[in-house]
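Visitor: With the sequence up front, the predicted model follows.
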Amino acid sequence: MKLAIVLTHPVQYYVPIFQMLSNRGKVHPKVFYTWSQWESENFDKDFKMSIRWDIPLFEGYEYEFVENIATHPGIYSFDGIRNPTLLSRIMDFGADTVLVFGWNYQSHLTLMRKLKGKIPVYFRGDSTLLDEKRGVRTFLRRIWLKWVYRYVDKVFYVGQKNKAYFKAHGLKENQMVYAPHVIDNQRFAGHQNGDWKSRLGLQSGDIVVLFVGKFESKKNPLLLMDAILESQRDDIKLIMVGSGELHTEIENRANSEKVILLPFQNQSKMPEIYGMGDILCLPSQGPGETWGLAVNEAFACGLPAMVSDKVGCYSDLIIEGQTGFVFESGNKGQLIQIIESLDKLRLKEMGEHANELAARKFSYELLISSIENELLN
């Protein structure tokens, strides 16, 4: 079977999927990247810097960049992706089916509409209803999205909150195939980092809370920083790794021995970063926090996680008190209570449970098997 995969640009979490599908040989995938300017214009507006991942993104699978003629090319607007030749390139490939990542680009939605009823159209996205509020705008958006998903035969949903989103927008149970969000567990596993800890002045008895990601309002890093600073525990340290719009404010407020700031770290360094921690915290407030793949990464490294209830993965990955903790988004008092209850030995045990869950239920092998079983049966 020839599978055409449509995606705007290479994503470090998705490339291993394409590589494994190719290597296993049951499906012949080809990826059509629709942001042809990506290599020269890949400025990440959230990190506030150009990002070039230092892991292979173009090896082990077939791909091409389709010319994007948008006046203002990029992934931050519907009209930023316009590929007049996308359909013909897919037809020239001889695709038996197509898998589209994201509908909210002119070319992607047009392709779905043109191919529906001709070859099977699969879709992958990770939106949730966690930010949804009652009102006219939500009502109108619901109507619009039900129309959009009429042009999809089936969806690969990533978790329970994502499934509820698809169901609310008209997808039936037999149109939804579970294919969980995963990361490369093996690449992240087994890293301990005493050298970094020593250089940063951390003591063996310190409990290290990690925040990893974009310093942006959506992820609410300031809430975590305030909770750590207001905690009565001097043995709990916060390491914040990343960059973004809130960097200056975070830097100005991090005048405490409890908080350590580190700059953005590329993919090859991230296992070492997680190796310094005892627990990850993702205190997101949204809107638009979908899954939270940093939690998968932490689990692969043997760390539990404490996450807000705006993080889409919480109902799939967090088993309260076993693999982590869930707190109400924006509730600093609740977060402080969790922080002050942390125990190093218990965190190690929780990390082992988290690691076991990641290996058993959230691996590329399981994801690939789900895709292959659906496409070939």
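Guide: Thanks, I have the structure now.
Visitor: C-alpha only now, for contacts and for neighbours.
Guide: Will do.
Visitor: From the centroid of the protein, which residue is nearest?
Guide: Closest residue to the average C-alpha location of the chain: Leu293 at 3.9 Å, with CA atoms, centre = their mean.
Visitor: Run through the residues that contact Tyr149.
Guide: Tyr149 sits next to 169-171 when contact means CA atoms under 8 Å, 6 or more residues apart in numbering.
Visitor: Let me see the backbone angles for it.
Guide: Note on Tyr149: its backbone torsions stand at phi -80, psi 0 [degrees, to the nearest 10].
Visitor: can you put the contacts of Tyr149 in a markdown table and add distance to Phe139 and secondary structure?
Guide: Shown next, in a markdown table, are the contacts of Tyr149 (distance: CA to CA, whole Å; DSSP: H, G, I helix; E, B strand; the rest coil):
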| residue | distance to Phe139 | secondary structure |
| --- | --- | --- |
| His169 | 11 | coil |
| Gly170 | 14 | coil |
| Leu171 | 17 | coil |
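Visitor: C-terminal to the longest helix belonging to the chain, what's the next element?
Guide: In the chain, ranked by residue count with DSSP state H as the criterion, the top helix is helix 344-361. Beyond helix 344-361 in the direction of the C-terminus, DSSP states H and E gives the next helix or strand as helix 364-376.
Visitor: orientation of that next one relative to helix 344-361 in degrees?
Guide: Counting by axes from the mean of the first three to the mean of the last three CA atoms, to 10 degrees, helix 364-376 points 30 degrees away from the direction of helix 344-361.
Visitor: buried stuff in helix 364-376?
Guide: Buried residues in helix 364-376, defined by neighbour count with 16 or more other CA atoms under 10 Å: 364, 366-368, 370-372, 375.
Visitor: Any chance you could list what contacts it?
Guide: Contacts made with helix 364-376 from outside it, assessed by CA under 8 Å, 6+ apart, are listed as 1, 16-17, 20-21, 26-27, 177-184.
Visitor: List the contacts of the residue nearest to the centre of the chain.
Guide: When contacts are counted by CA under 8 Å, 6+ apart, Leu293 touches 181-183.
Visitor: picking that back up, and the contacts of the longest helix of the chain?
Guide: 185, 205, 207, 278-279, 296, 299-304, 317, 321-324.
Visitor: closest to Leu262 among the contacts of Tyr149?
Guide: Closest approach to Leu262 among these (CA to CA): His169, at 41.0 Å.
Visitor: Sticking with the nearest residue to that closest one once chain neighbours are set aside, tell me its helix or strand.
Guide: Among residues not flanking His169 along the chain, Lys146 sits closest, at 4.8 Å (CA to CA, 6 or more residues apart in numbering). Assigned by DSSP H and E, Lys146 falls within helix 136-148.
Visitor: mean confidence score for that helix?
Guide: For helix 136-148, mean pLDDT is 95.
Visitor: other SSEs contacting whatever helix or strand comes next after it?
Guide: Later in the chain than helix 136-148, the nearest helix or strand by DSSP H and E is strand 154-157. On a contact count with 3 or more CA pairs under 8 Å, 6 or more residues apart in numbering; DSSP states H and E, strand 154-157 meets strand 121-124, strand 176-178.
Visitor: who touches strand 154-157?
Guide: 121-126, 163, 171, 175-180.
Visitor: what about the closest residue to Cys313 other than its chain neighbours, distance to Lys361?
Guide: Nearest non-adjacent residue to Cys313, counting by CA to CA, 6+ apart: Trp291, 4.9 Å away. Separation of Trp291 from Lys361 (CA to CA, to the nearest Å): 15 Å.
Visitor: separation between the most far-flung residue of the chain relative to its centre and Pro73?
Guide: Most distant residue from the mean C-alpha position of the chain: Gln232, 32.7 Å away (CA atoms, centre = their mean). Distance from Gln232 to Pro73, counting by CA to CA: 49 Å.
Visitor: now do Ala294
Guide: Separation of Ala294 from Pro73 (CA to CA): 28 Å.
Visitor: for Trp38, same thing?
Guide: For Trp38, the distance to Pro73 - CA to CA - is 9 Å.
Visitor: what ranges do the strands span in the stretch 201-350 of the chain?
Guide: 207-214, 236-243, 259-262, 279-282, 305-308, 324-327 (DSSP state E, counting those that start in this stretch).
Visitor: so can I have JSON lines of the ones you listed showing distance to Trp196?
Guide: Converted to JSON lines, the strands of the stretch 201-350 of the chain look like this (distance: least, CA to CA, whole Å):
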{"stretch": "strand 207-214", "distance to Trp196": "12"}
{"stretch": "strand 236-243", "distance to Trp196": "11"}
{"stretch": "strand 259-262", "distance to Trp196": "11"}
{"stretch": "strand 279-282", "distance to Trp196": "16"}
{"stretch": "strand 305-308", "distance to Trp196": "21"}
{"stretch": "strand 324-327", "distance to Trp196": "24"}
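Visitor: May I see the ones you listed organised as CSV, with distance to Ile55 and mean neighbour count added?
Guide: Listed next are these as CSV, based on distance: least, CA to CA, whole Å; neighbours: other CA atoms under 10 Å:
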stretch, distance to Ile55, mean neighbour count
strand 207-214, 18, 24
strand 236-243, 18, 22
strand 259-262, 20, 17
strand 279-282, 23, 26
strand 305-308, 25, 27
strand 324-327, 29, 22
